[in-house]
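Peer 1: Structure, please.
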Amino acid sequence: MNNIFDKMLNNSWVELILRCSLGILFIYSSTHKIINPAGFAKIIYGYYLFPHYFINIIAIVLPFMELVTGICLVLGVFPKPAAAIINGMLTLFIIILTINLIRGIEFDCGCLSFNTSGDFTHAGWVIARNFLLLLSGLYIMFFKKRRLFCLYRNS
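Peer 2: Residues are numbered from 1 along each chain as shown. Coordinates of the predicted model:
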């Protein structure tokens, strides 16, 4: 049993699948935010956590960070730093969602699309999903073996 677990932790194919999956997810999640920054700014405003003068900056910068780091993971360009940045974003997302969950505020997280139906995904599910994504990012960050299909793996 321990041998199977060790093989999985040191498997270059598992790292490749996690790296590409996480990268594609972040590329996908950035597209609607880049196309509609005003809609994303409204969602950020709904968190009630940021000063008004930072909301537009966050709405413009964050999607491009998601896009660039996602592309870096998929292409294998600096995968370790890209995973570290994504892990930082995921940690912040978890903290922000937890704060609003504790405060009892229901909102559209704006993660993968903008909610137009008025039905919101429970923040607890989004937090659990983000923890799983964070585990994937940590796996990528601390992977020690040779990475497959990397354009630049010097990280």
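
Peer 1: where does the protein have low pLDDT?
Peer 2: 1-3, 5-8, 113-121, 153-155 (pLDDT under 70).

Peer 1: Which stretches in it count as helices?
Peer 2: 2-9, 12-35, 37-45, 52-75, 79-103, 123-142 (DSSP state H).

Peer 1: And these: which comes nearest residue 151?
Peer 2: Nearest to residue 151 among the helices of the chain is helix 52-75; the distance by Cβ to Cβ comes to 5.2 Å. Where you see a C-beta, it was placed from the backbone N, CA and C, and this is true even at glycine.

Peer 1: Determine the set of other helices and strands touching that closest one.
Peer 2: Helix 52-75 is packed against helix 12-35, helix 37-45, helix 79-103, with contacts defined by 3 or more Cβ pairs under 8 Å, 6 or more residues apart in numbering; DSSP states H and E.

Peer 1: now do 10 Å
Peer 2: The elements that helix 52-75 packs onto, with contact taken as 3 or more Cβ pairs under 10 Å, 6 or more residues apart in numbering; DSSP states H and E, are helix 12-35, helix 37-45, helix 79-103, helix 123-142.

Peer 1: okay, the angle between that helix and helix 12-35?
Peer 2: Relative orientation of helix 52-75 versus helix 12-35 (axes from the mean of the first three to the mean of the last three Cα atoms, to 10 degrees): 140 degrees.

Peer 1: how close does the closest residue to residue 94 other than its chain neighbours sit to residue 87?
Peer 2: Sequence neighbours aside, residue 130 is the residue nearest to residue 94 in space, at 5.0 Å (criterion: Cβ to Cβ, 6 or more residues apart in numbering). Distance of residue 130 to residue 87, given as Cβ to Cβ, to the nearest Å: 10 Å.
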